[in-house]
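*Asks:* sharing a sequence plus its predicted fold:
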Amino acid sequence: MQVIATAGHVDHGKSTLIRALTGIEPDRWAEERRRGLTIDLGFAWTTLPSGREVSFVDVPGHERFLGNMLAGLGPAPIVCFVVAADEGWQAQSADHRDAVAALGIDQGLLVITRADLAPDRVEPVLDQARTELAGTGLAQAPAMAVSALTGEGIQELRAVLDTVVARARTPVADQRVRLWADRSFSVSGAGTVVTGTLSGGALHVGDTLEWTGAGQARRVRVRGLQTRGEAVEQLGPVSRAAVNLRGVDADAVTRGDALLSLGAWTLVDLLDVRAISPGAFAEAPSEIVVHAGTAAVPARIRPLGPDHARLTLAHRLPLSVGDRMVLRGSGDRVVRTGALVLDVDPPALTRRGDAARRAAELAASEAAGDVAGEVTRRGAVPAAQLIRQGIAVPELLPAGVRRSGDLLVAETALMAWTTRLREAVAAEHAQHPLSAGLPRKAAIDVIGARPELLPELIARADLVEQDGRLQDPRRSTGLGAAETAISSLEQRLAGHPFAAPEADDLDALGLGPGELAAAARLGRVLRLQGEVVLLPTAPALAMRELAGLEQPFTTSRARQALGTSRRVVIPLLEHLDARGWTRRLDAGHRQVVR
């Protein structure tokens, strides 16, 4: 299946041509039929001589309905460009040409209509149309002259359409879905129905999708599918789709909303773009309208030079790198330029000169979605995040980029983070010689890397992690100036193992929490709750005494046996309980575990 959108000046016979090809009236409104003027999008379909199925989106040609025209043209992969023989190239012919160029549509055909009214003008008009379309993707498109009124050339046109469809690029059925809504309505007994052109991916009855509109999103379920007026269980690209949804009211859905594969898209309102027409941003209004898919969203524009700009959208859209869009002034009825999306997660521009530097970066980028450039800019990024942004991640990564779990990491960033980590740990040791090392969280904050990369960075920096702190194993592990005080404490406790020093005693020795923590790490002292400091041998010595007591024993009896105070005996007994050497029976009794 394929979908073809019409394009061309008002009253050049686009709708009449569709009726002649399909037998279906594309003008849906009574006012359109009464006035003979297409106002909104029309839809029709037919089967070509080969049996291929093709659907048409008929667009209005009048300048007042440029937004409607862009909504029909935006999602369509093929265009049927119409010029009337009796009138030739006109103002809206140029507008529609500019839209085709802006959207990068390069598949289609040129049809000269009303050939019966001016048969002698067919060739000149065709030549003029060819000249005007030069530089667009339709410059070399097949061309036909027809008369929808007499039927002249219609069968031949069907054959040409067959050839165009046969040569069209094959859509990808297993890619993510983004169905831009062009209509929504409610059907009695069925509920909400949303229609649009499915240009990629596949839909199935029962699918769970994400609906997004005006920056909000929610999950919806596909209750039913139709195409060409027939119910189907699944739909592939490229086709016109009518999707019956559960989970959203028809009144909540408007043109420009989208149905998306769940979790496969990023909604963005800030993006960097490149103008399709060179120099288009040299003079740009501050406010524009962005046409993407069927959406038309007001936006602020910040030029980053003549060819690049940053757009801030009024609300978020599901856009990806490589998307094409049309830009027009907020009050204009003409296409200002087209734009290619280069970045949907651009860096902040906060410092003087940032805009100029960003413009240079964008100008140096040969193509949208350069994996090496994206990873280098961020240092490390989940591969899934790039894919959601429309950046293809090849199996064979470019030089300078490697995988680390789910992350893509730049080698230059790894080297910089490793150096920064090594320097941070060295600074911690230098400033605090008795420190257990740099805390893990502080290390992550200092180097600015993603937490999941820390183990690799520790290994690359020849560091070790112990108890949540990073250390350099090559540093001196002595106690430095505290050695004398700790030795004095050891001598004192050797003669009286349970006579833990009071706080004043520790202060007199110059032993604060840092010195005691360092001594404990080196196995020189044992620190218990309440800043009770003993030797590491104290628990074993205590067990010798406690084992000789009548079992079970009280806390008071243990205190007497050890010749110490409640301040010391309670945390010591709790320590023995924790090691499984004693067991607490009730509030006042324990026993030795045999």
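*Replies:* Received, thanks.

*Asks:* quick one: low-confidence parts of the stretch 351-500 of the chain?
*Replies:* Applying pLDDT under 70 to the stretch 351-500 of the chain flags the ranges 366-368, 433-435, 475-482.

*Asks:* in it, which spans are strands?
*Replies:* In the stretch 351-500 of the chain, the segments counted as strands under DSSP state E, counting those that start in this stretch are 380-382, 401-404, 407-410, 438-439, 464-466, 469-471.

*Asks:* let me know which of those strands is tucked in deepest.
*Replies:* A comparison of these by mean neighbour count, using mean count of other Cβ atoms under 10 Å, puts strand 407-410 on top with a mean of 23. The C-beta positions use only the backbone N, C-alpha and C, and glycine is treated the same way.

*Asks:* ok, and what's touching it?
*Replies:* Contact with strand 407-410 is made by 371-372, 375-376, 378-383, 386, 393, 397, 400-403, 450, 452-453, as judged by Cβ atoms under 8 Å, 6 or more residues apart in numbering.

*Asks:* just the helices in the stretch 51-200 of the chain please.
*Replies:* Listed in chain order, the helices of the stretch 51-200 of the chain (DSSP state H, counting those that start in this stretch) span 66-73, 91-103, 122-133, 154-167.

*Asks:* and the most centrally placed residue in the chain, its phi and psi?
*Replies:* Closest residue to the average C-alpha location of the chain: Thr266 at 3.8 Å, with Cα atoms, centre = their mean. For Thr266, the backbone dihedrals (degrees, to the nearest 10) come out as phi -110, psi 130.

*Asks:* also Asp106?
*Replies:* Asp106 adopts backbone torsions of phi -130, psi 20, taken as degrees, to the nearest 10.

*Asks:* show me the contacts for it.
*Replies:* If you count contacts by Cβ under 8 Å, 6+ apart, Asp106 has them with Thr136, Gly137, Leu138.

*Asks:* closest one of those residues to Pro26?
*Replies:* Distance to Pro26, by Cβ to Cβ, is smallest for Leu138 among the contacts of Asp106, at 21.4 Å.

*Asks:* just to revisit the earlier point, can I get the contacts of Asp106 in TSV with pLDDT and distance to Thr419?
*Replies:* Shown next, in TSV, are these (pLDDT from 0 to 100; distance: Cβ to Cβ, whole Å):
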residue	pLDDT	distance to Thr419
Thr136	90	51
Gly137	91	49
Leu138	93	55
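
*Asks:* returning to that earlier point: correct me if wrong: the residue nearest to the centre of the chain contacts Gln389.
*Replies:* Yes: taking Cβ atoms under 8 Å as the definition, Thr266 is a contact partner of Gln389 at 5.5 Å.

*Asks:* now, of the helices of the stretch 51-200 of the chain, which is deepest in the fold?
*Replies:* helix 66-73 (a mean of 24).

*Asks:* so what does that one touch, helix or strand wise?
*Replies:* Here helix 66-73 touches strand 2-8, strand 53-58, helix 91-103, strand 178-187, strand 287-292, strand 295-303, going by 3 or more Cβ pairs under 8 Å, 6 or more residues apart in numbering; DSSP states H and E.

*Asks:* between these, which gets nearest to Ile78?
*Replies:* Closest among the helices and strands packed on helix 66-73, using Cβ to Cβ: strand 2-8, at 4.5 Å.

*Asks:* give me the number of residues near the residue lying closest to Gly263 once chain neighbours are set aside?
*Replies:* Using Cβ to Cβ, 6 or more residues apart in numbering and skipping residues adjacent in sequence, the residue nearest Gly263 is Glu210, 7.4 Å away. Using other Cβ atoms under 10 Å, Glu210 has 19 other residues around it.

*Asks:* spit out the contact partners of Glu210.
*Replies:* Taking Cβ under 8 Å, 6+ apart as the test, what Glu210 contacts is Ala217, Arg218, Arg219, Val220, Leu259, Leu260, Ser261, Leu262, Gly263, Trp265.
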